[in-house]
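Engineer: build the 3D model from these lines:
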Amino acid sequence: VQEDESPLNSNITAFALKAKVIYPINQKFRPLADGSSNPSLHENPKQAALPNQVMETSPSGSLGSLSQGDKEDCSSSTTIHSSASDDRFQARTFLRVTSFPEVLTCESFDVKLCLCSLLLKDVMLLDTELRREKHVIFIQVLKIYLTDFYHKKKITDDLFKKILLTQENDFEELQKQLDSRLQNTEMSGAHNSEYQTLEDLERKEREYSEHIIDNMEASWKQADKAQQFLLDQSKCSSAEASKITMDLTERMIAVEALLSESQDLCAMDIQERLFNWELIVRAVDSLKSYIPEECKCRLNIVSNILDHLTVKNNLSVRQKEELLTDLHKAFWEQLAHFSNECTQQSKDLILKQLEYRAKEREELKHRQIAEQGSLLSKTFQTEEFHDFLKAYQELIEKHHQKQWDLQEEEDWESAEAVTDLYKELRSKASHTLEELVKELFLQTLPAVTSLSVRECELLKEEWQENVLPQLEKWDTYYQRRWKLFQEQLLLEKELWLKEYALSAVIQKHLSETQEKMIQGVVSRVGGLSDESVNYILQKHKLLLCSVLRRVTLRSLGMAALARMRMARKKGLLQELREQHVLQRSSSHCHDEEQWQLLKAVESHILEEEEKLEEETQQTHLEFQQQLVNEIQEALNFLQQHMEQVIGQTLLQHARQKAAEKKSDDELDFKERLVETAVESVYGTHNNINRLVQNYYQQLGKITEGYEGKKRQQLKSLQAERGERSRLKKKQENEQALKEQLNKGLLDIRSAVHQRMLLQQRKILAQFELQQQIRLESLKQKILGLHQLQTELQNQLQEAERDFVTELAALARVPLTMKKQLSKRSEPTGEKTNPKRKSFQSPESEDKGDSHENIQEPPGETSGLYRDKSQSSHEREIEPRNNSKMLKKRGNR
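Structural biologist: The predicted structure is shown next:
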């Protein structure tokens with residue numbers, strides 16, 4: 001026997017050495033020099049192969065080849081950690097799936113990528129749903145206030161419907177714009193609608209986040225516009241408008257808290273569902289891989305029996321090879337046919353179930369829309385807002401739970417259906433192999449050997465007896481692999497929890513920093529009432545809630561993208577780790593050389609784990625930097641919007657102060673002057689028109705001069721701030737370069753965490769520095785604009801005095817009347833005059849509009865002070881109104 005086997009042995013060994021291939025321990029099937037795959041001839045028939053040693057289907061190779069690579073300049077490490085392979089992985093396409101059942105028919109390599117893409121899809125749908133719910137609640141809040149105004153006869157029924165319809169249309173238009181931009185992003189780069197790459201997915205997620213941030217800013221402006229439109233139509237007093245604005249802000253803060261709570265619960269459910277999906281997919285994949293491995297085990301036993309016959313010279317080597325080749329060919333062709341049928345049946349079954357479930361979801365959606373419409377159609381009073389919010393929350397939670405249960409039922413139903421198909425495939429494969437083996441032992445062997453039929457029947461019975469213990473070993477092997485997979489899944493859950501905790505820390509830091517900043521700004525502005533300060537703080541809190549909710553979802557999406565980017569390397573390393581653990585568990589079958597190989601593999605795995613950990617940290621750091629940039633962009637929008645809010649608050653406060661400063665005697669004098677001028681016979685059409693036109697021209701010149709000086713001052717301040725920022729940035733770069741040179745000699749692996757901390761501190765320091773520069777620029781703007789407004793106020797007062805003097809002279813009204821009225825009002829003290837409706841001339845309206853719409857140079861606080869100068873014109877309202885009445889007198 002040794003002489004017969006030695007030539008073939010030497011040929012296989014020579015081929016293996018020439019190809020630099022070291023085969024796994026006790027592998028049963030090895031390629032020959034001609035490329036064909038036939039059973040090995042130099043296996044010891046008495047030593048059965050362990051199930052965990054037959055791992056040809058493993059994507060990571062074998063322990064033997066890995067250990068050889070470890071010996072040869074650690075070349076195996078480059079297969080896992082390679083920049084070229086990373087680029088190929090980024091550009092590798094994987095199936096674009098829309099639901100979990102579709103993943104059950106994917107290749108095992110694409111499973112994790114497909115599952116994470118489904119998570120990103122669920123996060124996007126959650127964001128869309130929460131945004132829609134926020135708009136629905138806001139419209140309902142407006143409806144509550146409008147109902148109250150309608151009952152108080154402040155608005156008509158037509159106006160009530162018009163306001164609601166206008167706001168609904170405005171928000172729908174915003175959503176359409178967002179949908180259009182998202183559709184363009186989805187279509188860009190989509191060369192194949194069925195497949196996608198990780199690079200395209202990361203780009204789309206980044207662009208999607210940018211669109212959402214832009215839409216968030218537009219929603220803020222739309223909400224403020226709707227609020228102002230509501231107050232204008234209701235014709236409320238200043239005190240009532242302030243109270244309504246504050247109440248509306250506080251109620252929307254309560255809505256944001258509700259949405260944030262719902263978002264956190266849904267995000268945790270989405271993550272938990274991801275792990276459940278992985279368990280289901282792993283169970284189905286284990287069943288798929290178990291079928292060929294079980295058949296290999298049965299075929300190995302047939303090969304061992306034929307080896308015994310060859311040893312006993314009952315069968316020649318050529319006959320044995322031919323019998324095994326025919327058996328393998330017949331069986332594997334039949335199994336491939338069954339597998340193709342099973343795969344097609346799985347796809348057809350899943351497609352049919354998805355169509356049926358789509359109809360169920362559509363029916364459920366219509367029922368839920370009807371229930372929601374029934375709740376929103378009810379009339380709630382202003383004090384019943386919290387009752388409405390509670391009822392709406394319960395309804396939304398009920399709807400979410402029904403949708404979740406339906407989705408979960410669909411997933412389990414599809415998984416069970418696919419599992420049943422593969423169980424049927426396993427049964428077919430076992431039955432087919434048993435028939436082929438029966439034909440081999442009872443028909444073929446008696447014909448080609450001198451064995452009797454009875455001896456061949458005994459060989460078949462021996463094959464059946466040997467199959468059972470081998471299958472038990474395979475069951476034990478798969479149970480161990482399942483346990484290792486569950487342990488690894490628990491570790492991944494812990495990583496997800498850490499990511500969630502990191503997101504919570506970021507939100508807390510942002511909240512505290514922003515709260516401290518807005519309080520500092522309000523304290524620097526000064527002069528505001530407690531109600532105004534409280535409104536600014538609450539408004540800032542409301543907008544910040546939207547930003548923080550966006551940060552939470554973006555953090556979840558980036559964690560999924562980081563996991564997808566590291567999926568290939570983690571998968572390969574996990575496969576190696578599982579094989580190593582299973583090899584060590586069969587220590588009683590290993591000799592000293594095999595133990596040395598296992599130790600080499602263990603050291604190699606530890607080295608790969610260190611490299612993978614470092615790459616994972618670097619990947620997370622990259623995504624964290626991207627998250628910081630997006631947060632900064634959102635905070636810039638928040639700051640710009642708050643500058644406008646503070647500017648409007650200052651304008652309103654200035655108007656109130658100006659109104660309070662108007663004394664009763666001055667108002668009485670102006671009213672008496674207008675009445676006297678209207679009744680006077682000395683005022684003609686021409687001289688009154690000339691007087692009014694001169695006054696308007698003088699106001700226009702004053703306003704134009706003020707605007708020109710303000711633009712020039714803002715330009716100079718902006719240039720000065722840019723120069724200061726450039727110098728600060730240059731100093732920071734020099735300091736960073738020095739730190740980099742000092743830290744350059746540190747070991748890379750040990751300094752990863754330290755570099756992350758330094759990077760975070762650097763970013764925070766830059767943020768604080770930018771805010772300090774902005775505050776300094778704000779102070780300078782306040783001082784400069786205050787001086788310009790004081791000058792403007794003096795000029796307007798002088799123009800008003802000249803106008804009053806000329807009008808008194810024209811109407812022959814002595815100015816001593818003003819002094820007499822003032823003396824008469826001294827004993828009685830200050831009085832509060834009733835409000836009078838002012839009539840503004842078209843020319844004054846045009847000038848006011850032109851004053852409001854003058855474009856300012858770009859700057860951080862231009863919106864804050866754009867309208868502040870209008871407060872100086874309040875004291876000109878009275879003479880303008882008087883001029884209007886006088887012009888009517890002249891026309892008459």
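Engineer: which helices and strands does the helix or strand hosting E806 pack with?
Structural biologist: E806 is part of helix 752-810 when elements are defined by DSSP states H and E. Here helix 752-810 touches helix 453-525, helix 592-661, helix 664-679, helix 685-743, helix 862-865, helix 877-891, going by 3 or more C-beta pairs under 8 Å, 6 or more residues apart in numbering; DSSP states H and E. (C-beta placed from N, C-alpha, C; glycine too.)
Engineer: go again with 10 Å.
Structural biologist: helix 453-525, helix 592-661, helix 664-679, helix 685-743, helix 816-825, helix 862-865, helix 877-891 (3 or more C-beta pairs under 10 Å, 6 or more residues apart in numbering; DSSP states H and E).
Engineer: ranking these by burial, who's on top?
Structural biologist: Stretch with highest mean neighbour count among the helices and strands packed on helix 752-810: helix 862-865 (a mean of 22; mean count of other C-beta atoms under 10 Å).
Engineer: quick check: mean pLDDT of it?
Structural biologist: For helix 862-865, mean pLDDT rounds to 34.
Engineer: about what we covered before: out of the helices and strands packed on helix 752-810, the one nearest E205 is which?
Structural biologist: Evaluated over those, closeness to E205 peaks at helix 592-661, with 9.9 Å, by C-beta to C-beta.
Engineer: quick one: the most far-flung residue of the chain relative to its centre and L576, what's the gap?
Structural biologist: Taking C-alpha atoms, centre = their mean, the residue of the chain most remote from its mean C-alpha position is V681, at 74.7 Å. Distance from V681 to L576, counting by C-beta to C-beta, to the nearest Å: 109 Å.
Engineer: residue contacts, the most centrally placed residue in the chain?
Structural biologist: Ranked by distance to the mean C-alpha position of the chain (C-alpha atoms, centre = their mean), the top residue is R554 at 2.8 Å. R554 sits next to 123, 127, 205-206, 208-209, 212-213, 503, 623, 626-627, 630-631, 634 when contact means C-beta atoms under 10 Å, 6 or more residues apart in numbering.
Engineer: let's go with 6 Å and repeat that
Structural biologist: S209 (C-beta atoms under 6 Å, 6 or more residues apart in numbering).
Engineer: same question for Q334.
Structural biologist: If a contact means C-beta under 6 Å, 6+ apart, then Q334 has T432 as its contacts.
Engineer: which strand or helix spans it?
Structural biologist: Here Q334 is assigned to helix 317-376, by DSSP H and E.
Engineer: can you give me the mean pLDDT across that helix?
Structural biologist: On average, helix 317-376 scores 89.
Engineer: also stretch 103-118?
Structural biologist: Computed over stretch 103-118, the average pLDDT equals 84.
Engineer: that one: which residues count as buried?
Structural biologist: For stretch 103-118, the neighbour count (16 or more other C-beta atoms under 10 Å) marks 103-106, 110-118 as buried.
Engineer: just those residues: which are in helices?
Structural biologist: Judged by DSSP state H, helices contain the following of those: V103, V111, K112, L113, C114, L115, C116, S117, L118.
Engineer: ok, so of the residues you listed, who is nearest C295?
Structural biologist: V111 (23.3 Å).
Engineer: helix or strand for the closest residue to the closest one other than its chain neighbours, which one?
Structural biologist: Once flanking residues are discounted, V111 sits nearest to V281: 5.3 Å by C-beta to C-beta, 6 or more residues apart in numbering. Assigned by DSSP H and E, V281 belongs to helix 238-311.
Engineer: next: R426.
Structural biologist: Per DSSP H and E: helix 385-439 holds R426.
Engineer: same for that helix, what does it pack against?
Structural biologist: Counting contacts by 3 or more C-beta pairs under 6 Å, 6 or more residues apart in numbering; DSSP states H and E, helix 385-439 is packed against helix 238-311, helix 317-376.
Engineer: let's have those helices in a markdown table, adding distance to Y392.
Structural biologist: Formatted as a markdown table, the helices and strands packed on helix 385-439 follow (distance: least, C-beta to C-beta, whole Å):
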| stretch | distance to Y392 |
| --- | --- |
| helix 238-311 | 8 |
| helix 317-376 | 6 |
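Engineer: which of those sits closest to L699?
Structural biologist: Smallest distance to L699 across those (C-beta to C-beta): 25.1 Å, for helix 238-311.
Engineer: report all helices and strands that the closest one contacts.
Structural biologist: helix 111-151, helix 385-439, helix 453-525, helix 530-565.
Engineer: related to what we said a few turns ago, how about the ones in helices among the buried residues of stretch 103-118 in CSV, adding distance to D148?
Structural biologist: Listed next are those as CSV, based on distance: C-beta to C-beta, whole Å:
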residue, distance to D148
V103, 52
V111, 56
K112, 55
L113, 54
C114, 52
L115, 50
C116, 49
S117, 48
L118, 46
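Engineer: before we move on, back to that, which one, of the helices and strands packed on helix 238-311, ends up nearest to Q759?
Structural biologist: Closest among the helices and strands packed on helix 238-311, using C-beta to C-beta: helix 453-525, at 14.3 Å.
Engineer: just to check, D411 is in contact with S99?
Structural biologist: No: using C-beta atoms under 6 Å, D411 makes no contact with S99, being 8.4 Å away.
Engineer: out of these two, which sits in the busier spot?
Structural biologist: Neighbours were tallied for D411 and for S99 using other C-beta atoms under 10 Å; the higher tally belongs to D411 (20 against 17).
Engineer: might you report the residue contacts of the more buried one?
Structural biologist: Contacts of D411 (C-beta under 6 Å, 6+ apart): F100.
Engineer: figure out which of the helices and strands packed on helix 238-311 is closest to L315.
Structural biologist: The closest of the helices and strands packed on helix 238-311 to L315 is helix 453-525. By C-beta to C-beta, the value is 11.1 Å.
Engineer: could you give the mean pLDDT of the helix holding R426?
Structural biologist: 90.
Engineer: after it, heading C-terminal, what element do we hit next?
Structural biologist: Where DSSP H and E defines the elements, the next helix or strand beyond helix 385-439 is helix 445-448.
Engineer: coming back round to it: same list (the buried residues of stretch 103-118) but as TSV, adding distance to H400.
Structural biologist: Converted to TSV, these look like this (distance: C-beta to C-beta, whole Å):
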residue	distance to H400
V103	23
L104	25
T105	28
C106	28
D110	29
V111	27
K112	26
L113	27
C114	24
L115	21
C116	22
S117	22
L118	18
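Engineer: taking those together, which two end up most distant?
Structural biologist: That would be T105 and C116, which, of the buried residues of stretch 103-118, are the farthest apart (C-beta to C-beta) at 17.4 Å.
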